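J.: Have a look at this fold, sequence not included:
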């Protein structure tokens, strides 16, 4: 069984035994590495939650922007409708003046042909008048609908704005709490890491850099992260938790969690 000698010892094999038969630093390292992994995992989860908060706030801002865009679109639609209505009303006034002019000229025509031609002109103008009147009515109805829509969009915007402002405040509070938790976990991680031997800590960081996590639990003789079924002899040795043993597949440091002892009443 490879042992940690006086000089630096590579931990590239499956296991590292005790430096001295009277003490068990490997077991202590394993226990600390498990604790270090739990702290690292919790810290990573906290950091992920912190990272997600700005993304969530951006989503809230985008939702508010969309609500504002709908409100602005309704207002812009009303402005366009009112402008079109004024244009049609102006054209209508011009046509009515033109019709009145033609009707006044009827008294001055000399022949039936001129009279008939003038009547045709008046009829054409009246058709245009009716068309403009219809367009004015259409724009009036559109403006009424848009005014109702604006009121509805304004109410919706204010409701969403208030809700998002409250949620944004909650996210800020959550972020502050998570930052405090991350600071505490970082300190806990450093404290635990300081108690681990240099060789075991180097192995831990090397595996973590490669795999994301350096330690894996074994249940039913199976690595819970890569799902490799261990050989029986390795599993029997692993259950003692008295050595650092790496998974033959994913290289993670393995440990076995014994079942809790039943409490006898």
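T.: Looks like it came in fine. What you see is a predicted model, and the numbers here were worked out from it, not measured in a lab.
J.: how many neighbours does residue 178 have?
T.: Applying other Cβ atoms under 10 Å, we find 19 residues neighbouring residue 178. (Glycine included, C-beta is placed from N, CA and C.)
J.: same thing with residue 143?
T.: Neighbour count of residue 143, defined by other Cβ under 10 Å: 18.
J.: Can you tell me the closest non-neighbouring residue to it?
T.: Of all residues beyond its chain neighbours, the one nearest residue 143 is residue 81 (4.8 Å), with distances taken as Cβ to Cβ, 6 or more residues apart in numbering.
J.: how about that neighbour, phi and psi?
T.: Backbone torsions for residue 81, taken as degrees, to the nearest 10, come to phi -60, psi -40.
J.: pLDDT score assigned to it?
T.: The confidence metric pLDDT takes the value 94 at residue 81.
J.: go on, residue 254?
T.: You'll see residue 254 listed with a pLDDT of 97.
J.: shouldn't it be in contact with residue 243?
T.: No: the criterion here is Cβ atoms under 8 Å, and residue 254 misses it with residue 243 at 9.9 Å.
J.: shared neighbours, the two?
T.: Here residue 254 and residue 243 share no contacting residue, scored by Cβ atoms under 8 Å, 6 or more residues apart in numbering.
J.: Which one of the two is surrounded by more residues?
T.: Applying other Cβ under 10 Å to residue 254 and residue 243 shows that residue 254 carries more neighbours, namely 28 against 20.
J.: mind checking the SS state of the more buried one?
T.: The three-state label given to residue 254 by DSSP: H, G, I helix; E, B strand; the rest coil is strand.
J.: Can you show me the strands along the stretch 151-265 of the chain?
T.: Taking DSSP state E, counting those that start in this stretch, the strands of the stretch 151-265 of the chain run over residues 215-219, 222-223, 245-246, 253-256.
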